[in-house]
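Visitor: Prediction below, plus the sequence it came from.
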Amino acid sequence: MKAIKYIIAVFAAFCVVGGAVAWQLASDHDSKSLFDPALWASHPVGPSITLAGLVLAIVSALSNIAQLSQWWFGPKVVDHVALKSGVDEIKAALAEQKEAILLELQRTQSAGAPPRDPASTVAQEAAVTNVLTSTDPQDRAAKEDLKALNVDATIDALLTTARSDQAEASARNAQRARDAGGLAYGRNVVKAIEAYELAATLDPKDFWTWIFLCRLHTRRGDLTEALARAQSGEKAAATALQRAAALIDIGDVVLQRGDLVGALKSYSDGLDIARALAKADPSDAQARRDLSISFERVGDVLRQRGDLAAALKNYSDGLAIRRMLAKADPGDAQAQRDLSISFEKVGNVVLQRGDLVGALKSYSDGLDIRRTLAKADPSDAEAQRDLSVSFNKVGDVLLQRGDLAGALKNYSDGLDIRRTLAKADPSDAQARRDLSVSFDKIGDVLRQRGDMAGALKTYSDGLDIARALAKADPGDAQAQRDLWVSFNKVGDVLRQRGDLAGALKNYSDGLDITRTLAQADPSDAQAQRDLSVSFDRVGDVLRQRGDLAGALKRYSDGLDIARTLAKADPGDAQAQLDLSISHDKLARTFEAKGDMREAYTHFTQSRDILERIAAASPEWKDVKTWADAAAEHVRRTHWAPAESTPPS
């Protein structure tokens, strides 16, 4: 720049001198003569001025062209580069902020929130992006709070703004409410419901608003509200894919309310749509995942209705799809989790059919996946809960195989996780239910090990939780069944300890519950089996108290149900075992009455069933023991109580 200034100064001096010479020449000649080179050459200083000007021009051109170019063009080039660099820096900073916020949201995920799924994940990421990139002054407070990782303050700021002027900017405010819901979905169910309800008021045509509300109300335990929101979602569905998603959510709620027929109808309609969409584009991974979900849901209902063969077919179809998806992208946590769920579903049916080896293999495969996912992110509440479920499943098989130490180890590992999750969010109904289930499972092992005091304490802890959950939502069929299970567990220990009055009270309370559930849906095989079990338990106490007529009445009622269920699915090992137990109980009661003919008949039928199960499932050691005991009763003229009897 100094060189440029010097050149300009010299140039100005020559202009002054040259101007003076020109003025003198002009006074002696006409103006046109000023352009005559000969006239300038005749002046005493003219040649010097001309030569100096020429040299100055050449030197300037050669030595300062770069500086002159920079001086003239430089600022424009530098401004453009700086602008591009600034944009890149802003993008990088935004991406870094977004990643930090999403990690914080994942870290603070509540165990009481609905399970994560692709839709809620997309909504959450969109919410973060919308807030961070907003240029609206009204969003300034929300943006600053989010940058500071103060998510709760961000949610409150968005909701405050969304309510401020709903009429003037309803579309923008509806988005603010949805963003608040997306941020709250995984951390605060109550706040998420508040946000999405506001969004639904501002924009009732948004499909996912209704679906998220359905899932949130379900998680909170309000099935009536959940069903209403799912049905609103079906009405708002703009595509076949959205309608299929709505049908699955409707089926989920209806199934939880105990309506198997309604659930199967919703799931089947959704399956038809999902199958068509997957067929239309076999390369669409999301469409194939949706199809696997539909297979799984239909399988759930078929299993509950007692159709194990059809249930296994649907679960296996879903498993095949999920194997391919997980293999295609081993780093996709959602695909891995989906695969672990399919392993669990298949294991459930295989176990129910008496294949302990196959069940343990399926459950263990699922456990391996879940252990990896939970280890990858110890703060992920959903992954931790999944792991606790797998521990329980493996424990169930080990318990049936007689491995009490192995069962207790797995149950205890699951209980540790569930204590932590329930403590983190005491208002989470699902976490509390999980804790109740774990208490029951630990109690089962303690009871079999002879620790009646420990078993009663553990069962009672589970009963307290189950009673509170059932009272909170009398329409929740699952909560009612959980309470039935707890009544039976406590009754079992009281009966073994000789407290027959206490046992009968608990069994009778359980009978009232399961009778209501079975009457509500006669097609529900599980509810029918539960009712049969309750009849047997009440009969057990009546027989011990000497009321043989009352016991025979209850046992006969249970036998009628067990016979129907066993006939409906001869491949259901559990149903066959239940039938054997009913015959055994009747045989013992007739023996107590002195009616050896009836006793012999029922012992024989019990033995035949047990021998068939033992032959089909040789690894089920207890069944072989029970079959041998039944055979002994048949051979002996006078039947003595067996040392080992099938559990009821």
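Guide: Looks like it came in fine. Residues are numbered from 1 along each chain as shown.
Visitor: Tell me where the protein is predicted with low confidence.
Guide: 1-90, 93, 109-112, 165-169, 619-621, 636-648 (pLDDT under 70).
Visitor: Could you spell out which stretches of it belong to which domain?
Guide: 2-107, 425-494, 521-648 (automatic domain parsing).
Visitor: How far does the second one sit from its chain's centre?
Guide: Computed by Cα atoms, centre = their mean, to the nearest Å, the separation of domain 425-494 from the middle of its chain amounts to 24 Å.
Visitor: just how off-centre is the helix or strand hosting A615 within its chain?
Guide: Secondary structure assigned from DSSP states H and E places A615 in helix 596-616. Mean C-alpha position of helix 596-616 versus that of the full chain (Cα atoms, centre = their mean) differs by 45 Å.
Visitor: what's the angle between the helix or strand following that helix and helix 596-616?
Guide: Note on helix 596-616: by DSSP H and E, the next helix or strand toward the C-terminus is helix 621-635. Here helix 621-635 runs at an angle of 150 degrees relative to helix 596-616 (axes from the mean of the first three to the mean of the last three Cα atoms, to 10 degrees).
Visitor: Next, the buried residues of the helix holding A615.
Guide: 599-607, 609-614 (16 or more other Cβ atoms under 10 Å). Yep, even glycine has a C-beta here, placed from its N, CA and C like the rest.
Visitor: again with stretch 469-477
Guide: Quick answer for stretch 469-477 (16+ other Cβ under 10 Å): 469-470, 473, 476-477.
Visitor: What of stretch 190-210?
Guide: Result for stretch 190-210 [16+ other Cβ under 10 Å]: buried residues 191-200, 202-203, 206-210.
Visitor: Alpha carbons of it, in CSV - could you do that?
Guide: Extracted in CSV, the C-alpha atoms of stretch 190-210 (Å, rounded to 0.1, in the frame of the first residue of the first chain):
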residue,chain,number,x,y,z
VAL,A,190,-46.9,-35.7,31.6
LYS,A,191,-45.1,-32.7,29.9
ALA,A,192,-45.1,-34.5,26.5
ILE,A,193,-48.8,-35.2,26.7
GLU,A,194,-49.4,-31.5,27.6
ALA,A,195,-47.4,-30.4,24.5
TYR,A,196,-48.9,-32.8,22.0
GLU,A,197,-52.5,-32.1,23.3
LEU,A,198,-51.8,-28.4,22.5
ALA,A,199,-50.4,-29.4,19.1
ALA,A,200,-53.5,-31.4,18.4
THR,A,201,-55.7,-28.5,19.2
LEU,A,202,-53.7,-26.2,17.0
ASP,A,203,-53.3,-28.7,14.1
PRO,A,204,-55.7,-31.7,14.4
LYS,A,205,-54.7,-33.0,11.0
ASP,A,206,-51.1,-34.0,12.0
PHE,A,207,-51.0,-37.8,12.1
TRP,A,208,-48.0,-38.3,14.3
THR,A,209,-49.3,-36.0,17.0
TRP,A,210,-52.2,-38.4,17.6
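Visitor: which other residues reach it?
Guide: Here stretch 190-210 makes contact (Cβ atoms under 8 Å, 6 or more residues apart in numbering) with 113, 119, 123, 152, 155, 158-159, 162-163, 166, 170-171, 173-174, 177-178, 180-181, 184-185, 212-213, 216-217, 220, 229-230, 232-233, 236-238, 242, 246.
Visitor: PyMOL command to pick out the buried ones of the residues you listed?
Guide: Of those, the buried ones go into a single PyMOL selection, burial set by 16+ other Cβ under 10 Å:
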select buried, resi 113+123+155+158+159+162+173+174+177+178+180+181+184+185+212+213+216+217+220+229+230+232+233+236+237+242+246
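Visitor: Which of the contacts of stretch 190-210 fall within helices?
Guide: Among those, the members falling in helices (DSSP state H) are 119, 123, 152, 155, 158-159, 162-163, 170-171, 173-174, 177-178, 180-181, 184, 212-213, 216-217, 220, 229-230, 232-233, 236, 242, 246.
Visitor: I'd like to know which elements the helix or strand containing V541 is packed against.
Guide: Using DSSP H and E, V541 maps to helix 525-544. Packing contacts for helix 525-544, counted by 3 or more Cβ pairs under 8 Å, 6 or more residues apart in numbering; DSSP states H and E, involve helix 477-496, helix 500-520, helix 548-568, helix 573-593.
Visitor: just so I know, which of those helices lies nearest T625?
Guide: In terms of Cβ to Cβ, the element of the helices and strands packed on helix 525-544 nearest to T625 is helix 573-593, at 12.8 Å.
Visitor: distance between that closest one and the chain's centre?
Guide: 41 Å.
Visitor: In that helix, which residues are buried?
Guide: 573-591.
Visitor: Mind exporting the C-alpha coordinates of that helix to CSV?
Guide: Extracted in CSV, the C-alpha atoms of helix 573-593 (Å, rounded to 0.1, in the frame of the first residue of the first chain):
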residue,chain,number,x,y,z
ALA,A,573,-47.1,-78.8,26.3
GLN,A,574,-48.3,-76.5,29.0
ALA,A,575,-52.0,-77.1,28.2
GLN,A,576,-51.3,-80.9,28.3
LEU,A,577,-49.5,-80.5,31.6
ASP,A,578,-52.4,-78.5,33.0
LEU,A,579,-54.8,-81.3,32.1
SER,A,580,-52.6,-83.9,33.7
ILE,A,581,-52.5,-81.8,36.9
SER,A,582,-56.3,-81.5,37.0
HIS,A,583,-56.6,-85.3,36.7
ASP,A,584,-54.0,-85.7,39.5
LYS,A,585,-55.9,-83.4,41.8
LEU,A,586,-59.2,-85.2,41.2
ALA,A,587,-57.5,-88.6,41.7
ARG,A,588,-56.1,-87.6,45.1
THR,A,589,-59.5,-86.2,46.2
PHE,A,590,-61.4,-89.4,45.2
GLU,A,591,-58.7,-91.4,47.0
ALA,A,592,-59.3,-89.4,50.1
LYS,A,593,-63.0,-90.1,49.8
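Visitor: Tell me which other helices or strands it touches.
Guide: Helix 573-593 is packed against helix 525-544, helix 548-568, helix 596-616, helix 621-635, with contacts defined by 3+ Cβ pairs under 8 Å, 6+ apart.
Visitor: With distance to W484 added, can I get those in a markdown table?
Guide: A markdown table is the format used below for the helices and strands packed on helix 573-593 (distance: least, Cβ to Cβ, whole Å):
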| stretch | distance to W484 |
| --- | --- |
| helix 525-544 | 6 |
| helix 548-568 | 15 |
| helix 596-616 | 25 |
| helix 621-635 | 24 |
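Visitor: looking at those helices, which is buried most?
Guide: Burial of these is given as mean neighbour count (mean count of other Cβ atoms under 10 Å); helix 525-544 ranks first at a mean of 24.
Visitor: relative to helix 573-593, how tilted is it?
Guide: Using the same axes, to 10 degrees: helix 525-544 against helix 573-593 is 20 degrees.
Visitor: With K147 as the reference, measure out to the spatially closest residue to T133 that is not a sequence neighbour.
Guide: In space, and not counting its chain neighbours, T133 is closest to L94: 7.1 Å by Cβ to Cβ, 6 or more residues apart in numbering. With distances taken as Cβ to Cβ, to the nearest Å, L94 is found 10 Å from K147.
Visitor: do V301 as well
Guide: According to Cβ to Cβ, V301 stands 47 Å off from K147.
Visitor: picking up where we left off before, list residues touching both of L94 and K147?
Guide: Common contact partners of L94 and K147 (Cβ under 8 Å, 6+ apart): L132.
Visitor: With adjacent residues omitted, what lies nearest to the residue nearest the centre of the chain?
Guide: The centroid of the chain falls nearest to P115 when counting by Cα atoms, centre = their mean (2.3 Å). For P115, ignoring the flanking residues on the chain, the nearest one in space by Cβ to Cβ, 6+ apart is E382 at 5.6 Å.
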